[in-house]
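Undergrad: quick check, what structure comes out for this input:
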Amino acid sequence: MEYCHRRFFDVRWTELDFKDELKPSALLSYAQEAAGTSADELGFGYDALRPRDMGFIIVASYCEIARPVHAGERVCVETWPLPPRLAFFERDYRIKCGEEVVAALASRWALVDLNTFRLLSPSALGEIHERCPYNPEKSVQAQWRIPRTEGFFEAGRMRVLPSHCDHYLHANNTRYADFFFDCFSMEELAARRVKSFCIAYDKQAKPPQELTLLRKDGAGESILHAVDGDVLLSQCVIRFDEERAQ
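TA: Here you go, the predicted model:
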């Protein structure tokens, strides 16, 4: 039987948006929490690697949403690590309410030296890597490519604050979902349902950097960039269902 870690979450009102639907950042938070306890279980969690000056940082997240999740529902996150590809580790997730799959996610991670943030190969984990029960199953065919385009307009500016940061002293990956979705008005978000989104984390954002958020709209999708001057820190593509949100 292939390895699969399961963790349950009761959806809270504070995790919902103005439409009473679970926020994309909350979905990413559930995935990150489940990834953490799975990594602990497999021997390469934060507490196990920190004394060795190693750690995992996420480099990309992809999510497809089948239907909105609401307060009072109980969510089960199923997750497992896939066999590493060169210097990158992949992990997939299924988000379920009962037996219904309401979302599917994939994430890409890098193992780094915490002193230099230099990439490390899977062999740096030693026996932990050799005995890890990697599971090749895919929960979703992630569309990692974010189209290159021009013609962006400025959708907002913000400063990276201490409340955005985690123990690596940079803005946590889940917060980028809020940064990017805040580039839309409430009217725009109310009129469309999110089908999928992909976020790539190119460089770390740290206080007190000021980010300029750029947006370009296309047919059924919006592409967004977070930049500091001429430096691209993160990019995102959000795809919407053509059918109007109910």
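Undergrad: so which residue is dead centre in the chain?
TA: Nearest to the mean C-alpha position of the chain, by Cα atoms, centre = their mean, lies residue 61 at 3.8 Å.
Undergrad: residue contacts, that residue?
TA: By Cβ atoms under 8 Å, 6 or more residues apart in numbering, residue 61 lies in contact with 28, 31, 105-108, 173, 198-199. Glycine gets a C-beta too; all of them are placed from N, C-alpha and C.
Undergrad: what is the lengthiest helix in the chain packed up against?
TA: Ordering each helix of the chain by length in residues (DSSP state H) puts helix 24-42 first. Contacts defined by 3 or more Cβ pairs under 8 Å, 6 or more residues apart in numbering; DSSP states H and E place helix 24-42 against strand 5-10, helix 46-49, strand 54-65, strand 74-85, strand 88-97, strand 100-113, helix 173-181.
Undergrad: can I get stretch 115-133 as CSV, trimmed to CA atoms?
TA: Presented in CSV, the C-alpha positions along stretch 115-133 are these (Å, rounded to 0.1, in the frame of the first residue of the first chain):
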residue,chain,number,x,y,z
ASN,A,115,23.2,29.5,6.1
THR,A,116,23.6,30.2,2.4
PHE,A,117,20.2,29.0,0.9
ARG,A,118,22.3,27.0,-1.6
LEU,A,119,20.4,24.1,-3.1
LEU,A,120,21.1,20.7,-1.8
SER,A,121,20.5,17.4,-3.6
PRO,A,122,18.3,14.6,-2.1
SER,A,123,21.5,12.7,-1.2
ALA,A,124,22.2,15.3,1.5
LEU,A,125,19.4,13.7,3.5
GLY,A,126,21.3,10.4,3.6
GLU,A,127,19.4,7.4,5.0
ILE,A,128,16.2,9.5,5.4
HIS,A,129,16.1,9.9,1.6
GLU,A,130,17.1,6.3,0.9
ARG,A,131,14.3,4.8,3.1
CYS,A,132,11.6,7.4,2.3
PRO,A,133,8.4,5.7,1.0
